[in-house]
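*Asks:* Okay, predicted coordinates and the sequence, questions at the end:
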Amino acid sequence: MRLTPLSFVMLMTLSWVYPSVAIAQAPATAIPRTADGKPDLSGIWQAMNTAAWDIQDHAAQKGVPGGPGVVEGNEIPYKPEALGQKTKNYEERATLDPETKCYLPGVPRITYMGFPFQIIQKPNELTILYEYIHTVRYIFANGTPHPKGPIEWWLGDSRGRWEGDTLVVDVVHFNDQTWFDRAGNFHSDALHVVERYSLMDPDHINYTVTIEDPKVFTRPWNMTMVLYRHKEKNFQLYEYECYGFDFEKVYPYPDLGAAR
Amino acid sequence: MNTRNLIIAFGIGVALSLTTAPVGGQGQGGAANRPAAKPWPPPKLSDGQPDVQGIWAAVNGGSTSLTNPISGGEDFDRRVTGENIRRPSRVIDPPDGLLPYQPWAAARQKRQESDYEHPSRPEHIDTQHRCLLSGIPRLYTIVPSFRIIQIPGSVVFVWDEYHAYRVIPLDGRPHIASNVKLWMGDARGHWEGNTLVVDTTNLRGARLTYIGDFFSENAHVTERMTFADADNMTYQATVDDPTVFTRPWTFKIGHRRRPDDETWESACWEGNPDPDVWLKK
């Protein structure tokens, strides 16, 4: 294609306005933005990895897909006195994992439980609706600080702020009842989580998490993974109910179906 | 339920409300965060929806009964004093204010009411007390508030308790396959002026009240949420379930706007007492 004089002028103008951006790449990296210019994270997303089973590198077992972990460097810096608990958790995971009791799974575990979730973004507040146990999480992004503790919540208290195009969410006020995965990786009530949500393009979020818990770990450590946008036509969240008893037997209303 | 169990249950209720009240509905700031009155008629959002966002709650909420919707406190009073307390039925059609059960279903409701009064097995405990999702339309009759969030093409309701939510698409997409049953159903909505009309299918069979009212998985619910002014909404639901009832019926309940405030975590199942606490020995 030959450049007409007009398009040449336009190209030159663009290169003055966006000197650091190669013009040919601009459309590929454009991300959706809200009316106030912030990256727009709205939509239905899902992690596509095996972190729900084990956040570290792991081989497959029966019923467990193997795969690379999401921990940067793969090592989790447990304090020596905490390693025994991690080992015990793994050995007795069939009964000890809080997932088996249907508790809210904590942050960041809720992100990679393997179920889709919907982000609703408003200027001062983000709401995340997770399909898993219809978990709801509010991220307050209006500059307010965490409430004064001590508070022990399953999902903690989330306060968000924008650092450039990255949503940074600071989460504290956890209880010590949740794990990071089905492999027994755990934390205490001193857990401090910092999540970073950064759009790589319209359909992918780079999601990184810094875990800090001086009662359990010798230093902060990071997880990183990609969150994928659901693009299917008419995709919507269903429900994943979870109760620690057999409610199908206890509450038999389906017996009133068409068969009657 | 005998008096001893009733007092235990009431005590648990008070304890729960004491522990959850500061975190369930009240965030930082309280009345200081109260915004100026909302404008009316409501401003239009970018996709043309009237903006009715905020926190709302039933005016005389309570899950005891649709036909005699006494409050939890009145329910306690009447059990202790034996006094028969009556409230106007929420049922506006049929005109007699009663639920038009088929005979077998009326008998089942009576049995469930009796079981609720004298619980001896786990299934006698109301589903809401065990933190099962109360579903649609029951969640619009409970006391705790909910938040309306509007995004382009959808209306979202998030309840303060039970971490229940529903997303109602407005784009006219078809319902999901009829074999899929959801506690919250599958909702499709559209606006008629300032009335949100919602067609809800794919519901599981569920209990509707503490006194054992119920519908089957064949229920089809048509909801009309009429926003009369900036602070008042009337919720109306027509239940069409030929498996359980002789005809469609309709109830309504008023809702009022509450002050904007942060919604804090309200876990339900995690604090659930052992079912033995509820059962009559």
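*Replies:* Looks like it arrived, so ask away. Numbering: from 1, shown residues only, chains lettered A, B, ... in the order given.
*Asks:* Look up how far A:Glu241 lies from whichever residue of chain B sits closest to chain A.
*Replies:* Of all residues in chain B, B:Gly205 sits closest to chain A, at 2.9 Å by CB to the nearest CB. Using the backbone N, CA and C atoms, a C-beta is placed for each residue, glycine as well. Note on B:Gly205: its distance to A:Glu241, by CB to CB, to the nearest Å, is 14 Å.
*Asks:* what about these two, which has more around it?
*Replies:* B:Gly205 (22 against 15; other CB atoms under 10 Å in any protein chain shown).
*Asks:* My read is that the residue of chain B closest to chain A contacts B:Ser216, right?
*Replies:* Yes: if you go by CB atoms under 8 Å, B:Gly205 and B:Ser216 touch, sitting 4.5 Å apart.
*Asks:* Could you find the closest non-adjacent residue to the closest residue to chain B within the stretch 1-150 of chain A?
*Replies:* Closest approach between the stretch 1-150 of chain A and chain B, counting by CB to the nearest CB: A:Val136, at 4.5 Å. Nearest non-adjacent residue to A:Val136, counting by CB to CB, 6 or more residues apart in numbering or on different chains: B:His163, 4.5 Å away.
*Asks:* Against B:Phe227, how distant is that neighbour?
*Replies:* 25 Å.
*Asks:* Ok, A:Asp203 next?
*Replies:* A:Asp203 sits at a distance of 36 Å from B:Phe227 (criterion: CB to CB).
*Asks:* Those two - which one has more neighbours?
*Replies:* Neighbour count, other CB under 10 Å: between A:Asp203 and B:Phe227, B:Phe227 has more, with 24 against 15.
*Asks:* For the helix or strand hosting the more buried one, list every residue counted as buried.
*Replies:* Using DSSP states H and E, B:Phe227 maps to strand B:220-229. Judged by neighbour count (16 or more other CB atoms under 10 Å in any protein chain shown), strand B:220-229 contains these buried residues: B:His220, B:Val221, B:Thr222, B:Glu223, B:Arg224, B:Met225, B:Thr226, B:Phe227.
*Asks:* One more: stretch A:141-158?
*Replies:* Buried, per 16+ other CB under 10 Å, within stretch A:141-158: A:Ala141, A:His146, A:Pro147, A:Ile151, A:Trp153, A:Trp154, A:Leu155, A:Gly156, A:Asp157, A:Ser158.
*Asks:* residue ranges with poor pLDDT in the chain?
*Replies:* No chain in the question, so chain A it is. A:1-29, A:246-250, A:252-260 (pLDDT under 70).
*Asks:* wrong one, chain B
*Replies:* B:1-36, B:271-273, B:281.
*Asks:* All the helices of it, residue numbers only.
*Replies:* Per DSSP state H, chain B carries helices over the ranges B:3-24, B:72-81, B:103-117.
*Asks:* so what secondary structure elements neighbour the shortest one?
*Replies:* Applying 3 or more CB pairs under 8 Å, 6 or more residues apart in numbering or on different chains; DSSP states H and E, one finds that helix B:72-81 makes contact with helix B:3-24.
*Asks:* Please apply the same query to the last one.
*Replies:* Helices and strands in packing contact with helix B:103-117 are listed as strand B:214-215; criterion 3+ CB pairs under 8 Å, 6+ apart.
*Asks:* ok, 10 Å please
*Replies:* strand B:206-207, strand B:214-215 (3 or more CB pairs under 10 Å, 6 or more residues apart in numbering or on different chains; DSSP states H and E).
*Asks:* Other residues contacting that helix?
*Replies:* A:256, A:260, B:1-2, B:6, B:64-65, B:79, B:98-102, B:121, B:123-126, B:129, B:207-216, B:241, B:243-246, B:278, B:280 (CB atoms under 10 Å, 6 or more residues apart in numbering or on different chains).
*Asks:* Neighbours of the residue of the stretch 1-150 of chain A closest to chain B, how many?
*Replies:* For A:Val136, using other CB under 10 Å, the count is 22.
*Asks:* Against A:Ala52, how distant is it?
*Replies:* Counting by CB to CB, the gap from A:Val136 to A:Ala52 is 20 Å.
*Asks:* Same check on A:Gln85?
*Replies:* Counting by CB to CB - A:Gln85 and A:Ala52 are separated by 20 Å.
*Asks:* of the two, who's got more company?
*Replies:* A:Ala52 (22 against 15).
*Asks:* What's the local residue count around the closest residue in space to B:Trp278 that isn't next to it in sequence?
*Replies:* Nearest residue to B:Trp278, sequence neighbours excluded (CB to CB, 6+ apart): B:Ile125, at 4.9 Å. Applying other CB under 10 Å, we find 21 residues neighbouring B:Ile125.
*Asks:* B:Ile125 against B:Pro119, yeah?
*Replies:* Yes: judged on CB atoms under 10 Å, B:Ile125 makes contact with B:Pro119 at a distance of 5.7 Å.
*Asks:* can you list residues touching both of those two?
*Replies:* Common neighbours of B:Ile125 and B:Pro119 (CB under 10 Å, 6+ apart) are B:Pro275, B:Trp278, B:Leu279.
*Asks:* Highest neighbour count among those residues?
*Replies:* B:Trp278 (21 neighbours).
*Asks:* how much space is there between the closest residue in space to B:Val156 that isn't next to it in sequence and B:Arg111?
*Replies:* Spatial nearest neighbour of B:Val156, chain neighbours left out: B:Ile149 (4.3 Å); criterion: CB to CB, 6+ apart. Distance, B:Ile149 to B:Arg111, using CB to CB: 40 Å.
*Asks:* cool, and A:Gly184?
*Replies:* 46 Å.
*Asks:* Pick out whichever of the two has more residues nearby.
*Replies:* Taking neighbours as other CB under 10 Å, A:Gly184 and B:Arg111 compare with A:Gly184 leading, 19 against 12.
*Asks:* I'd like to know how far that one sits from A:Met113.
*Replies:* From A:Gly184 to A:Met113 the distance is 16 Å (CB to CB).
*Asks:* what do you get for A:Arg219?
*Replies:* 26 Å.
*Asks:* Same question for B:Gly62.
*Replies:* Taking CB to CB, one finds B:Gly62 at 34 Å from A:Met113.
*Asks:* Could you do B:Met184 as well?
*Replies:* Here B:Met184 is placed at a distance of 19 Å from A:Met113 (CB to CB).
*Asks:* And B:Ala57, by the same measure?
*Replies:* Taken as CB to CB, the span from B:Ala57 to A:Met113 is 31 Å.
*Asks:* Also A:Thr144?
*Replies:* From A:Thr144 over to A:Met113 the distance is 28 Å, taken as CB to CB.
*Asks:* same check, this time on B:Leu196
*Replies:* Taking CB to CB, one finds B:Leu196 at 31 Å from A:Met113.
*Asks:* One more: A:Arg182?
*Replies:* The spacing between A:Arg182 and A:Met113, counted by CB to CB, is 10 Å.
*Asks:* what residues do the two have in common as contacts?
*Replies:* Residues touching both A:Arg182 and A:Met113 by CB under 10 Å, 6+ apart: A:Ala51, A:Ala52, A:Glu99.
*Asks:* Dump these into CSV; add secondary structure as well.
*Replies:* Formatted as CSV, the shared contacts of A:Arg182 and A:Met113 follow (DSSP: H, G, I helix; E, B strand; the rest coil):
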residue, secondary structure
A:Ala51, coil
A:Ala52, coil
A:Glu99, helix
